[in-house]
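Undergrad: Need a 3D model of the following:
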Amino acid sequence: MAGTVEVPMPVIEPASKQVEARDPGYLVICWDDPINLMPYVTQVFQRVFGWTRAKAEKHMLEVHEQGRSVLVREGFEKAEFYVHELHKYSLQATLEAEDK
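TA: Below is the predicted model of the structure:
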């Protein structure tokens, strides 16, 4: 009769570490514009990112006072999704590769 054969289990690293090594990260930036009112921008940030009112207002004030705000750092696809969502609400947003 044959005995039990032990097969070594492969070591699997989490996918996030592998993605980070390839993907430098992308910044979603919202720019100031003369059209959208501050309360509206705050509501959009809350809706798109699920942020609290305080966090959304902080970024809205950065946009208003400094002309822009870096909203999030994500992988390319997620960042591109956020930019498109902000465009749907008529906000000026861009995607930039993060410098390393």
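Undergrad: so residue 38 touches residue 62, yeah?
TA: No. Residue 38 is beyond contact range of residue 62, at 11.5 Å (criterion: C-beta atoms under 8 Å). Every C-beta, even on glycine, is put in place using the N, C-alpha and C of the backbone.
Undergrad: residues of stretch 46-59 that come out buried?
TA: Going by neighbour count (16 or more other C-beta atoms under 10 Å), the buried part of stretch 46-59 is 46, 48-49, 51, 56-57, 59.
Undergrad: what's the closest of these to residue 31?
TA: residue 59 (12.0 Å; C-beta to C-beta).
Undergrad: Now do the helix or strand encompassing the closest one: distance to the chain's middle.
TA: Applying DSSP states H and E as the criterion places residue 59 in helix 53-66. From the chain centre to the centre of helix 53-66 is a distance of 16 Å (C-alpha atoms, centre = their mean, to the nearest Å).
Undergrad: Could you do stretch 26-41 as well?
TA: In this view, stretch 26-41 has its centroid 15 Å away from the chain centroid, taken as C-alpha atoms, centre = their mean.
Undergrad: What are the contacting residues of that stretch?
TA: 59-61, 63-64, 67-76, 79-80, 82-83, 86, 90-98 (C-beta atoms under 8 Å, 6 or more residues apart in numbering).
Undergrad: One more: stretch 49-66?
TA: Residues beyond stretch 49-66 that count as contacts (C-beta under 8 Å, 6+ apart) turn out to be 30-32, 38, 41-43, 45-46, 68-69, 71-72, 82.
Undergrad: Sounds good, over and out.
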